[in-house]
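Student: Mind looking at a prediction? Sequence and model below.
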Protein chains: 4
Amino acid sequence: MEKARLETFADGVFAIAATLLIIDVSVRAQGHELGHAVLHAWPEYAAYAVSFMTIGIMWLNHHDCMRQIGSIDRVFMVINLLLLMCIAFVPFPTRLVAEHFHDGGLRAAALTYGVTMTATAICFGLFWFYAARGRRLIHDEADPRVIAGISRSYLPGAPIYLAATLVAFWSPKASVALFALIALLYILESSVFARPQPSPAEI
Amino acid sequence: MEKARLETFADGVFAIAATLLIIDVSVRAQGHELGHAVLHAWPEYAAYAVSFMTIGIMWLNHHDCMRQIGSIDRVFMVINLLLLMCIAFVPFPTRLVAEHFHDGGLRAAALTYGVTMTATAICFGLFWFYAARGRRLIHDEADPRVIAGISRSYLPGAPIYLAATLVAFWSPKASVALFALIALLYILESSVFARPQPSPAEI
Amino acid sequence: MEKARLETFADGVFAIAATLLIIDVSVRAQGHELGHAVLHAWPEYAAYAVSFMTIGIMWLNHHDCMRQIGSIDRVFMVINLLLLMCIAFVPFPTRLVAEHFHDGGLRAAALTYGVTMTATAICFGLFWFYAARGRRLIHDEADPRVIAGISRSYLPGAPIYLAATLVAFWSPKASVALFALIALLYILESSVFARPQPSPAEI
Amino acid sequence: MEKARLETFADGVFAIAATLLIIDVSVRAQGHELGHAVLHAWPEYAAYAVSFMTIGIMWLNHHDCMRQIGSIDRVFMVINLLLLMCIAFVPFPTRLVAEHFHDGGLRAAALTYGVTMTATAICFGLFWFYAARGRRLIHDEADPRVIAGISRSYLPGAPIYLAATLVAFWSPKASVALFALIALLYILESSVFARPQPSPAEI
């Protein structure tokens, strides 16, 4: 029951953070200039799509973790709040990247986006490894190979985002392209590539 | 359980996307001019109503699909995220249509609205046909006639929205009127006309 | 299960509509003038409180209705969407009343608020009487006296709001005060006064 | 069931209020000045973090209370609405503190924040003591020591927030620092320090 309510709250924050992204998609133009402005605003849509799918994939991963977890404690709930605080923050750097894609502010925007994603990945690591360490919160039937597989897949998250963030010092556009690429890889890994590996029955 | 959490997340995005529409309904006027401005802003309320009911009917349809589905896999979850990404995008073109109803930007606004609805209808098709193809995710007791009925009813969605979108090149107002008409037809089809056809007991 | 998902969606819209009200509470002032501006903005807080509690009480009433309902059909789901569309609209007239409380726009704002609340009360009536008429959707164990009691309590809703709305033609401030008074009466009726009457066990 | 739906609604308001905080985090700068502006806006992020975690901890506490409660009545539901109305209000004073951190409006902002938190703490007290008084709504298996422990921990909430609020008359920055400190203490109390004390099994 505790676990169910934590999931309800987390699902709410994930769903709201993803859906709020649209508030920041805006195109200001007068009359006949709207057509051109709508096309010119493609970084807004791209930023929306990348952040929506990134939050969505994180929701899927949060799911996968919770399925292995049998009991929860207060430390875990606070770590979960820290993780949700990072995820609910994502609309802010997304807006910065979208607004400054065509001007000199892109470096600062990409760094803000990257620091947010790196912090989120670190909190996700904390969230999982706190639960998995010595099977502290893992339920008894959980397959040790699945636990090890999740642990392996979460280790590179923070370093990858950190690397893509540092690229912004050299080229902000390359950094932003890497964030999109990471989202795409996570989508592919979550769907196409994830299927052959052993996993508990999903019903 | 997997299925339940997917539904919770989807319900959240549908409910938030529909409710966020009100943020964009705005009337700017000073003092005694407010009365006239409130009446003059009827396209804002119409756009709100059309998009709210369109999202609401899609939520009902999402429901009907999920009732036929017994198990889910990761590809399906990612398709579901793409569908939700389209639905959460609807407030943006709704705002464009409402703001530019009385000026020369309506063509671009109607095209943006139409492209969004066409993409949403395509994702909805993907969502359903991925699950229904060879009864991949359909549960064992599902009535084949109901499955076939849903498949038949989803085929025309994308072409209809595409046709209404193309009308905007000829007349933006006619295109927007068609979007409202499509919403109205979906409402009628979901309520009055839907009742005689065979369907599983709803409790 | 159908019923449970309708409740989840409705709960979402009620919770979001109520919580979104805070977005429109704003005070614009520079530096040391903020103190005075915060106090001067009391109509913003009052409008927030009245609308939040009104939406909250409607959520309680929606609850009470759903407890008597055993099955649902598609017409009922569409009526429910219309009701939610009205409730999700409440932040807009709330903002108008709060912004124009001190200027000549209050009459138009109060009329907009009143028309919204009257439409909401009419949809609530539709929602309940569609279900209760001939016990169409009422579950078998429901006490006829409770059904009759709910029906009796919903009849005056729309006329009361309509009357308070019409008062705005004579005095906008009196009209707005009546909206606050109606909210207060609903709160009292829902809590203090509701207790002695026979009702099913609440667990 | 009544209890479950109250929890769903409350979870929704907590999750939305916390996630909406990000809408008010904003940095306005042109091009190359963005980097400096992003760093200079640290009070925005701090205010976001303090309010997010405060709402999160209140959600945890709401949880703990509900676990001890077996039945609910209408008065309790209305008190719960009043509590949620306070929590959904938190984004407003948070925005004031963040916007006026560097100017002369901080005193008024800190007082507004403090009054909101004090009112929230009072409503939380009402919420709990209404339920716990004579074990009115407490379920039969609840451990009296846990009930007494919760009662003891909620008594100081309102006085502590009131004291931190009054500090704003002397030093607004000290007052704001105290709000952050209170949040931090609640986080520590909820996680690290909470573990040794006797509590019902959490599964």
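Tutor: Structure's in. What do you need? Numbers count the residues shown, from 1 in each chain, chains lettered A, B, ... in the order given.
Student: contacts and neighbour counts: CA atoms only from here.
Tutor: Noted.
Student: Is the stretch of helix or strand A:Thr94 belongs to positioned near chain B?
Tutor: Element membership of A:Thr94, judged by DSSP states H and E, is helix A:91-99. No - if you take CA under 8 Å from any CA of the partner chain as the test, helix A:91-99 misses chain B, and the best it gets is 13.8 Å.
Student: what about that helix and chain D, any contact?
Tutor: Yes - Helix A:91-99 is in contact with chain D by CA under 8 Å from any CA, via A:Pro91, A:Phe92.
Student: For that helix, list the C-alpha coordinates in CSV.
Tutor: Taking only C-alpha atoms (Å, rounded to 0.1, in the frame of the first residue of the first chain), the coordinates of helix A:91-99 have been written out as CSV:
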residue,chain,number,x,y,z
PRO,A,91,10.7,22.1,-18.2
PHE,A,92,13.0,25.0,-17.1
PRO,A,93,16.2,24.1,-19.0
THR,A,94,14.0,22.8,-21.9
ARG,A,95,12.6,26.3,-22.3
LEU,A,96,16.0,27.9,-22.1
VAL,A,97,17.3,25.7,-24.9
ALA,A,98,14.3,26.3,-27.1
GLU,A,99,14.3,30.0,-26.6
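Student: For that helix, enumerate the helices and strands it packs against.
Tutor: helix A:2-20, helix A:42-68, helix A:106-132 (3 or more CA pairs under 8 Å, 6 or more residues apart in numbering or on different chains; DSSP states H and E).
Student: Tell me what angle that helix forms with helix A:42-68.
Tutor: 150 degrees (axes from the mean of the first three to the mean of the last three CA atoms, to 10 degrees).
Student: chain center to helix A:91-99, what's the gap?
Tutor: Centre-to-centre, helix A:91-99 and its host chain are 15 Å apart (CA atoms, centre = their mean, to the nearest Å).
Student: Nearest to B:Arg145, out of the helices and strands packed on helix A:91-99?
Tutor: helix A:42-68 (32.5 Å; CA to CA).
Student: In terms of secondary structure, what does that closest one contact?
Tutor: Using 3+ CA pairs under 8 Å, 6+ apart, helix A:42-68 sits against helix A:2-20, helix A:91-99, helix A:172-190, helix B:74-89.
Student: can I get those in a markdown table with mean neighbour count?
Tutor: Shown next, in a markdown table, are these (neighbours: other CA atoms under 10 Å in any protein chain shown):
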| stretch | mean neighbour count |
| --- | --- |
| helix A:2-20 | 23 |
| helix A:91-99 | 24 |
| helix A:172-190 | 18 |
| helix B:74-89 | 22 |
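Student: Does A:Ala98 touch A:Ser51 like I think?
Tutor: No - under the criterion of CA atoms under 8 Å, A:Ala98 is not in contact with A:Ser51, lying 11.0 Å apart.
Student: where does chain A come near chain D, residue by residue?
Tutor: A:1-3, A:8-10, A:12-13, A:16-17, A:70-75, A:77-78, A:81-82, A:85, A:88-89, A:91-92, A:100, A:103-109, A:112.
Student: For the helices and strands packed on helix A:91-99, please prepare CSV with the additional fields mean pLDDT.
Tutor: Output for these, formatted as CSV (pLDDT from 0 to 100):
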stretch, mean pLDDT
helix A:2-20, 90
helix A:42-68, 92
helix A:106-132, 95
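Student: of all the helices and strands packed on helix A:42-68, which lies closest to A:Val146?
Tutor: Comparing those against A:Val146 with CA to CA, the closest turns out to be helix A:172-190 (14.6 Å).
Student: which helices and strands sit right next to that closest one?
Tutor: helix A:42-68, helix A:106-132, helix A:157-170, helix B:74-89.
Student: any idea of the angle the shortest one forms with helix A:172-190?
Tutor: Here helix A:157-170 points in a direction 160 degrees away from that of helix A:172-190 (the same axes, to 10 degrees).
Student: Now helix A:157-170: average pLDDT?
Tutor: The pLDDT scores in helix A:157-170 average 94.
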